[in-house]
Every structure is written in C-alpha cells, then in structure tokens.
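# give me a model of this one.
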Amino acid sequence: MGVLKVGLVGIGAQMQQNLLPALLQTPDIDIVGACDSEAARVCEIHRFIPNIATTDSVSSMLDSMSVDAMVIACEPYAQREISMRAMQRGIGVFVERPPCSTLGELRSLVDMARQCGVRTGVGMNLRFSRPVRQLLELAMSEAFGDTSSIQLTHYVHQPHSASSERDRALRSFLLGQALQTIDLAVTFGGGELVDVQSRVQRTGEALIVEAECTFSSGAIASLLLGTTLPHFEFQMKLFGSTSTMAELDDRGNVTVHGAQPGSYSESTAQSPLDFGPDRGGYESELHRFFEACRTRTRFEADFRSLLATYRIVEAICEADGATDSAIDSERDSAAMAEKERYSSPSADAGLGRYPH
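Just a heads-up that it's a prediction; the model follows:
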C-alpha cells in the first residue's frame, strides 16, 4: 500500500493546534476530506488545505469519500460511534483520547477491530514524546536493571462545575485529564496488571486520587492525581534494580541519578527551541500509526493497548463507590467535560508547560 487517503473528523482546537501540524509533516498520506457537524468550524480546514472536500456528515464522508484511514478528534461518545462505523467498512481509525468512556466500551472497540482486521490508534502522544522515549530506552538498558518502582504525580487546576455527582466528576477527571499519566504507569510497569488499590479524597469539589498498581513484572506504580492546585504540576520518577533513579518533570527535562558512591548523575534539559508536534510526540505517533496501516502490523498505542489503563480507571471508580448502573450517566458527563477541549481556542493546553 502506497499513499494512504485520510479523512479528518472534528476540526476543533485539538485538530488545528496539534494534529494537523503533525499530519502535514507526515509523508505518504493524502488528506482528502474533512468533517465537522458545525459548518463554520469545518471551513477552518481551508486555512491549512485550501481545496479539500468538506462535509458536516460522517455518513456523507463514508459514502462519498474513499479513505483508507480516519483521524478523529471529537467527544468520546461520538468517537466510539464513528470508529465503529468506520471499522465496519474496513477503515483504520486514529482517535484522540479518551476513545470512549468505559472499559466495556473499549472492549467492544477492541472486538470490532479484531473482527474487521483494521489498524487502530489512540492519541497517547506522551508515549511518543522525546523525553518519554529517552526514559524507555534507559529503562531497557543493562545499566538501569529491572524497573522496581514508578512514582507519578499529576495535579491540574480543573473547573469543578461540570457535574455535581461525585462518580461523574471522578471519571471525567481520570479520562479527560489524567489518562496519559495512568498510561505511563502501565507503559513502564511491564507485564500484566495484577492489582489496583486506591482511595479518593475530596475537598469541596476538588479531588485527590491515590492509587497503587502492581504488575506481574514485580514493579509497583504509585499514582498521586488531583485537582487541588491552582496550577499544573507533573513529575515522574523511575527506579531501577541497580539503584538508579530517573526523573521527568513537567518541562520535559530528564535527570538520571546513580545512588551508589561514585556513580553518575546527569541531566538532559529540553532546548527552548525543541517544541512543536515532534517533541510533543504527535508527529511520531501519527507516522507510526500510518506505517502500521501501510504494513498491516500492530500500532503500539492501539485500542487493545489501553485495556490495562482503563482497568485502573474502573478500579478507582469502583473503589470510590461507582456502580454499573451509573455508567451510562457517567458517559454523558465525561462527554460534556471533554467537549470544551476539542472545540475552544484554548483547548488541549496539555500537560501544562509540557506539551502532550
């Protein structure tokens, strides 16, 4: 398969600010159409691609445009439905996170992808960013040894008016704000997810989530997630069996320490010029997704890869008292909380100062 024909769905801020700049740098794809339910917004695509065909209907795109893959950046409930329809027609799909609202919905997406034999991808760009790739390379080195512990801190300032119900607010935060941080625990944990222990504290409408995740590799990931600070704060610490520790901060700086006397300590600071879709991981993830479509191989950040991440989300919600009967209403709340991210000019501010 040579040049891939690509259709875009959802021409909001996430598409315009992050995905399109990366797509325009991706080789061997031809963006043939764009779709958005709001006519004024879909016309924004002409600032990037003057003569592209546009429509306000996904059905019209599927019926009238021949596409090999679709890049979708909408609310989660819409992304799930659009992905299902596209996969049934043999079209590969790349969707922004979160791809859906519940573990059950994710499993249905995984099943459909398997049945239809299509490639899928989720916008977990932090996995593909330069600093995280640097950490992954370190974690696989003999000098680092086996990963024994991962510590992740993620605080955001989030408006708390989206929902008055505790289950909805918690799920909305975990899916809309903390999903990539939870995914880092899975990415570096290795092996199968064995156990999740968690508790949630509330101060008014603000949340603090503490979770400990155990993996079959022996690694333990400790998560501290919250909405109590007036600013963004992120930190990741990775501990190896050779008494080596690596730290990633919210500016993308990586520092490595050897704990033994005479061992090394080094720091890699990101250049002020080293911003944009490649540093944030957007260009790399999209290039790898389309290459997977072209070669019919698995893309590492596909729907199936997020099953353990969603299991952690579900475990936290269930431990806090969420019930199966609340899932449908939670889906609506999560969709509303995400809508602003994809449509407003300031949407997807990312992991604060560190582009995600």
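
# quick one: the helices in the stretch 1-150 of the chain, in order.
Using DSSP state H, counting those that start in this stretch, the helices found in the stretch 1-150 of the chain span residues 13-14, 20-23, 39-42, 58-64, 76-88, 103-116, 130-139.

# mean pLDDT lowest for which of these?
When these are compared on mean pLDDT, helix 39-42 scores lowest, with a mean of 90.

# what residues sit buried inside that one?
For helix 39-42, the buried set under the neighbour-count rule, 16 or more other CB atoms under 10 Å, comprises 41-42. All C-beta atoms are positioned from the backbone trio N, CA, C, and that covers glycine.

# check stretch 287-295 too.
The neighbour-count criterion (16+ other CB under 10 Å) identifies 287-294 as the buried residues of stretch 287-295.

# ok, back up a step: which one of the helices of the stretch 1-150 of the chain lies closest to D320?
When the helices of the stretch 1-150 of the chain are ranked by distance to D320, counting by CB to CB, first place goes to helix 103-116 at 15.2 Å.

# mind giving me the packing neighbours of the closest one?
Helices and strands touching helix 103-116, as assessed by 3 or more CB pairs under 8 Å, 6 or more residues apart in numbering; DSSP states H and E, comprise helix 76-88, helix 307-319.

# so where is this structure shaky, pLDDT-wise?
In the prediction, the chain carries residues with pLDDT under 70 at positions 1, 158-167, 259-279, 322-356.

# I figured Q25 was touching E283, is that so?
Yes. Because the distance of 5.5 Å satisfies CB atoms under 8 Å, Q25 is recorded as touching E283.

# against H46, how distant is V58?
Distance, V58 to H46, by CB to CB, to the nearest Å: 19 Å.

# those two: who's more crowded?
Between V58 and H46, counted using other CB atoms under 10 Å, V58 has the larger neighbour count: 22 against 13.

# contacts only, for the more buried one.
Residues touching V58, when contacts are defined by CB atoms under 8 Å, 6 or more residues apart in numbering, comprise 9, 35, 82, 85.

# now the residue positioned nearest the centre of the chain: how far from L286?
Nearest to the centroid of the C-alpha atoms of the chain, with distances taken as CA atoms, centre = their mean, sits M124, at 3.1 Å. Plainly put, M124 is 12 Å away from L286 if you go by CB to CB.

# for D30, same thing?
Relative to L286, D30 is positioned 14 Å away (CB to CB).

# now P98
Counting by CB to CB - P98 and L286 are separated by 18 Å.

# which residues touch the closest residue to I45 other than its chain neighbours?
In space, not counting the residues next to it along the chain, I45 is nearest to A34; the distance is 4.2 Å by CB to CB, 6 or more residues apart in numbering. A34 makes contact with 7-9, 11, 42, 45, 49, 52-55, according to CB under 8 Å, 6+ apart.

# neighbour-wise, which of P98 and L286 wins?
Neighbour count, other CB under 10 Å: between P98 and L286, P98 has more, with 29 against 24.

# residues near the residue nearest to that one when sequence neighbours are not counted, how many?
Of all residues beyond its chain neighbours, the one nearest P98 is L175 (4.2 Å), with distances taken as CB to CB, 6+ apart. The local packing count at L175 equals 27, with neighbours defined by other CB under 10 Å.

# roughly how far apart are the closest residue to G7 other than its chain neighbours and L135?
Setting aside the residues directly before and after it, G7 is nearest to V67 in space (CB to CB, 6+ apart), at 4.1 Å. Relative to L135, V67 is positioned 35 Å away (CB to CB).

# reformat the buried residues of stretch 287-295 as JSON lines; add distance to L223.
As requested, the buried residues of stretch 287-295 are arranged in JSON lines below (distance: CB to CB, whole Å):
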{"residue": "H287", "distance to L223": "30"}
{"residue": "R288", "distance to L223": "26"}
{"residue": "F289", "distance to L223": "27"}
{"residue": "F290", "distance to L223": "32"}
{"residue": "E291", "distance to L223": "32"}
{"residue": "A292", "distance to L223": "29"}
{"residue": "C293", "distance to L223": "33"}
{"residue": "R294", "distance to L223": "36"}
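
# thinking L174 is in contact with L207, fair?
No. Taking CB under 8 Å as the definition, L174 is not a contact partner of L207, at 9.1 Å.

# mutual contacts of the two, please.
When contacts are counted by CB under 8 Å, 6+ apart, the set common to L174 and L207 consists of L225.

# re the thing from before, Q25 and E283 - which one has more neighbours?
Shown here are Q25 and E283; by other CB under 10 Å, E283 has more neighbours (22 against 14).

# sticking with the more buried one, tell me its helix or strand.
Under the criterion of DSSP states H and E, E283 resides in helix 282-295.
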